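J.: Pasting the sequence and the predicted model now:
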Amino acid sequence: MSIAFDPRQIRSYVIRAGRMTPGQLNALETQWQRYGLEPTMTSVVPQTLFPTNAPLVLEIGFGMGDSLFEMVQQHLDMNFIGIEVHRPGVGHLLHLAAEAGVENLKVFCTDSVDVLTHCLPANSLDRLQVFFPDPWHKKRHHKRRLINEAFVALALSRLKPGGVLHIATDWVPYAEVVQETVALNTGFVACAPPIRPVTKYERRGLRLGHEVVDLAWTTSGKSSIDHEQ
C-alpha cells in the first residue's frame, strides 16, 4: 500500500505540469504494474524484483528516460531502478521499456530521498547516479539542492562496499559545491567516472556552451562493477 511521506520535507524539485501524450498515458496505465514500484515504509528486497540477481544501479531524476533506457539495453547483465516525479517522463520510459520487453528495469514515481530512506536497504546499491540535478542557482533556493551532507551520508549507507556515486552537472559552481560536500564525508574516495550515455538535457546545455562536469567517488572495498565500464 502506498504511503504519504512527511510533507514538511524540503523537496529538491518542483513538479511542473506537463501534457502527456496518449502513448505516455497508456504506458502508465498498462505498464505500471509491470515496471512500477510503490513507496512504502518497508524496504524492498532487490533480489526479488528482477529475474536475475545482478549489480544494481539506481538513477535519480531520469527526466524523459532516454539515456537510462539506453543503459538498460546496453547492460543486460545489470539491474536498474529509476526515480522520477515527472509523469510524462515516467510514461515515456515505460513505453520504451514495454516495446523492447526489457526485464532489468523498475521505476519509482516519488521523492528520491524518501525512496533511499524508506524503500532501499543498506548496502544494496552498486551504483547511485544523479545526472544534471537542478542546481537551484539563486542563493535563497540553495536549501533545495539535492546534494547536501545528509544526502551524501544517506547515499553512502545505501551503497555496497566498492559502490560508486556518480554525479554530472553542467553548472560549474554547483560542481565545485558538490565536490566540497562529498569531500566532507571520509567514506568516499574520488575515482574515474563511469562511461554513460549523453542525456537530452546535456545536449541542450552543450548547444548553449555549458561545461559538463562528471564526478565520481567509490566507497571502500572491491566493486562488482568496473568503474570505467
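T.: Looks like it arrived, so ask away. Here the structure is a predicted model, which means the values were calculated and not measured.
J.: Run a quick neighbour tally on residue 25.
T.: As a burial measure, residue 25 scores 15 neighbours (other CB atoms under 10 Å). From N, CA and C alone the C-beta is placed, and that goes for glycine too.
J.: Next: residue 29.
T.: Residue 29 has 11 nearby residues by other CB under 10 Å.
J.: Which of the helices or strands spans it?
T.: Assigned by DSSP states H and E, residue 29 falls within helix 22-35.
J.: so what does that helix touch, helix or strand wise?
T.: If contacts are counted by 3 or more CB pairs under 8 Å, 6 or more residues apart in numbering; DSSP states H and E, helix 22-35 sits against helix 87-100, strand 105-108.
J.: So which elements touch the helix or strand of the chain with the lowest mean pLDDT?
T.: Ranked by mean pLDDT, DSSP states H and E, the weakest helix or strand in the chain is helix 200-207, scoring a mean of 80. Where contact means 3+ CB pairs under 8 Å, 6+ apart, helix 200-207 is not packed against any helix or strand.
J.: Pull the residues that contact that helix.
T.: Helix 200-207 is contacted from outside by 63-64, 66-67, 131-132, 168, 170, 212, using CB atoms under 8 Å, 6 or more residues apart in numbering.
J.: Give the buried residues for that helix.
T.: Judged by neighbour count (16 or more other CB atoms under 10 Å), helix 200-207 contains these buried residues: 201-202, 205.
J.: Next: stretch 54-72.
T.: Buried residues in stretch 54-72, counting neighbours by 16+ other CB under 10 Å, are found at 54-69, 71-72.
J.: Can you flag which of those residues belong to helices?
T.: Judged by DSSP state H, those include 66-69, 71-72 as members of helices.
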